[in-house]
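Asker: Return atomic coordinates for the entry below.
(chains A and B)
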Amino acid sequence: MAKITFITSDDEKITLEGTSGSVMALAVENNIKGIDGDCGGVCSCATCHVHVAPEDLAKTGKASEIETDMLELDDNTDEYSRLCCQLEISDAIDGIVLKVAK
Amino acid sequence: MKKSSLPDPFEKARLESGLGKMNDQDDPVTMLLRHKDVRKTAHNWKTFQSGAEPGRIVVPSEVNIRDTRQIPFEVDPPEHKDYRAIVEPWFRRPLQPEYEAKLTEIITNSVNEAIKTGTLEVVNSFSLPLQSRALTLLLNTPFSESETWISWGTHVFRSEGEALDGDKANILYNYIEEQIEEAIKNPSENLYSKLLDSEFNGRKLNKEEVKGIMILTFAGGRDTVINTITNSIAYLAEHPESLKRLQKEPEIINNAVEELVRYFSPLTHMGRVVTEDTHVCEHAAKANTRVSLCWASANRDEKVFENPNEIILDRKVNPHVGFGFSHHNCLGATHARQIMRILLKTLSEKIQSIEILDYKENIENLDEFKRKVGYDSIQVKFNTKTV
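Answerer: Numbers count the residues shown, from 1 in each chain, chains lettered A, B, ... in the order given. Sure thing, here's the model as predicted:
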């Protein structure tokens, strides 16, 4: 079980709990504003872009090369950017805070 | 070579130069073939514009058969963003449960009809009717409208897949103009009325803009959806193990849809007009010439996809560009994805096997390259599951 907090573009803070699957799927199920997950999680659409809180980056790890190539061409990308379809829910990421990019 | 395979004609050129050349009505096109170049160029709207003369970014060019600008497709930022914002929520309706339920009913009926008929020609007797019926949901128009669209045949703009046919295009344009007039007289809950009532820059959209959006909606989702459905049926005919797997593991259906879209790349490429002297793939590109973003080649790029010429149904990481990329990515993608997800599920539940009896391939002529995009016709037999 992991608790994940999303901060949307209008500064709403929503904490969700999940046990498995991707963070994107959890966000879409709970209608988190700004996370669409159009491609269903295969890293083809960049509609699940989040900024990981700097102190949580050790838990999530940095973006993979395929994510970076995609994010390079997205708006307001920084070193904390991830596509959250590539974040698997597990105890290891319990407590992380993600700021939705869109 | 299997009957359902779509070979990659771009491999050699993609590896060697990264470029292809194509003449098109004396307005040549430099085709970009590599995944990285395609995505970068799609993103760079300032140097590679969509908002050129209407019809020019389409290959083959439509400048001689159309004056209406397709919206938001042939508009660049910042206006593009405002137009897209008007239509985006409407084109996301396919995710709503009631839309999904209606779409499931349409697809179930189409599959049941096919089972009852047994042997049929897929393009005209299955894919076209299914695409047209599903489109009534996207437009929120009466189901009976689909009869008119089916009667137009598979290509709204093209006869025999290649030559531009102004007369056929006019059938569509005249129809849309009539529908807009009708919506002005009798407003309803359909897309025409919704658009006529929409605000752009503090004013209502005008008739020409509504027409531009409607042409895009009709034209963009016709051959593309028809080819994707038809090619998927051919694939499942030759891969009964995949049909079984989709039934046993419905959780991979989403991955399967993305993978089929990657492999089939229903739209081969889309053009852009160069606005200033520049370079593409270390090759000079002069202002006012055309380049194209070759989605079909990018989707087979061996530097990005392992075993690019194989359909791997549960491919996990799949950064394909089958729905385009960046600002102008496919507006109808949500609708198309829902059609394909529901279709795969329905077929896997009801169909035991499919046999290909006869077929004629649809080969696109791109000068240097000849690409199979699907079938002109394909006769199959559906074998239903015995309960």
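Asker: How about the residue nearest the centre of chain A, nearest residue that isn't a chain neighbour?
Answerer: Nearest to the mean C-alpha position of chain A, counting by Cα atoms, centre = their mean, stands A:Cys84 at 3.0 Å. Counting by Cβ to Cβ, 6 or more residues apart in numbering or on different chains, A:Cys84 lies nearest to A:Val23, which is 4.1 Å off, once chain neighbours are set aside. C-beta: built from backbone N, CA, C; applies to glycine.
Asker: quick one: contacts for the one you found?
Answerer: A:4, A:48, A:50, A:84-85, A:87-89, A:93, A:98 (Cβ atoms under 8 Å, 6 or more residues apart in numbering or on different chains).
Asker: B:Asn140 too?
Answerer: Applying Cβ under 8 Å, 6+ apart, the residues near B:Asn140 are B:189-191, B:194.
Asker: and it, what pLDDT?
Answerer: pLDDT recorded at B:Asn140 is 98.
Asker: Help me see whether stretch A:66-81 makes contact with chain B, please.
Answerer: Yes - for stretch A:66-81, a contact with chain B is found by Cβ under 8 Å from any Cβ of the partner chain, at A:66, A:69-70, A:73.
Asker: sorry, back to before: any idea which of the contacts of A:Val23 is the one closest to chain B?
Answerer: Of all these, chain B sits closest to A:Cys85, with 9.5 Å by Cβ to the nearest Cβ.
Asker: Need the phi and psi values for that closest one.
Answerer: Main-chain torsions, A:Cys85, degrees, to the nearest 10: phi -70, psi -20.
Asker: which stretches of chain A have low pLDDT?
Answerer: Counting by pLDDT under 70, chain A has no low-confidence residues at all.
Asker: what residues does chain A put near chain B?
Answerer: Within chain A, the residues that sit near chain B (Cβ under 8 Å from any Cβ) are A:38-45, A:66, A:69-70, A:73, A:86.
Asker: ok, which pair from those residues is furthest apart?
Answerer: Farthest-apart pair in the residues of chain A next to chain B is A:Gly40 and A:Leu73; separation 20.2 Å (Cβ to Cβ).
Asker: any idea how far chain B is from the residue nearest to A:Asp78 when sequence neighbours are not counted?
Answerer: In space, and not counting its chain neighbours, A:Asp78 is closest to A:His51: 6.6 Å by Cβ to Cβ, 6+ apart. A:His51 is 20 Å from chain B, where distance means Cβ to the nearest Cβ, to the nearest Å.
Asker: can you map out the strands along the chain?
Answerer: Answering for chain A, as no chain was given. A:2-7, A:13-18, A:49-52, A:81-83, A:96-100 (DSSP state E).
Asker: Hmm, no, I was thinking of chain B.
Answerer: Secondary structure of chain B by DSSP E: the strands cover B:19-22, B:29-32, B:48-49, B:119-121, B:158-159, B:163-164, B:199-200, B:203-204, B:270-274, B:278-280, B:283-285, B:290-293, B:351-366, B:369-384.
Asker: The fourth one - contacts with which helices or strands?
Answerer: Helices and strands touching strand B:119-121, by 3 or more Cβ pairs under 8 Å, 6 or more residues apart in numbering or on different chains; DSSP states H and E, are strand B:369-384.
Asker: Would you mind giving the strands of chain A as CSV with mean neighbour count added?
Answerer: Formatted as CSV, the strands of chain A follow (neighbours: other Cβ atoms under 10 Å in any protein chain shown):
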stretch, mean neighbour count
strand A:2-7, 19
strand A:13-18, 14
strand A:49-52, 24
strand A:81-83, 25
strand A:96-100, 21
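Asker: pretty sure the residue nearest to the centre of chain A is touching A:Leu98, no?
Answerer: Yes - counting by Cβ atoms under 8 Å, A:Cys84 does reach A:Leu98; the two are 6.5 Å apart.
Asker: tell me, what's touching those two both at once?
Answerer: What both A:Cys84 and A:Leu98 touch, as defined by Cβ under 8 Å, 6+ apart, is the set A:23, A:50.
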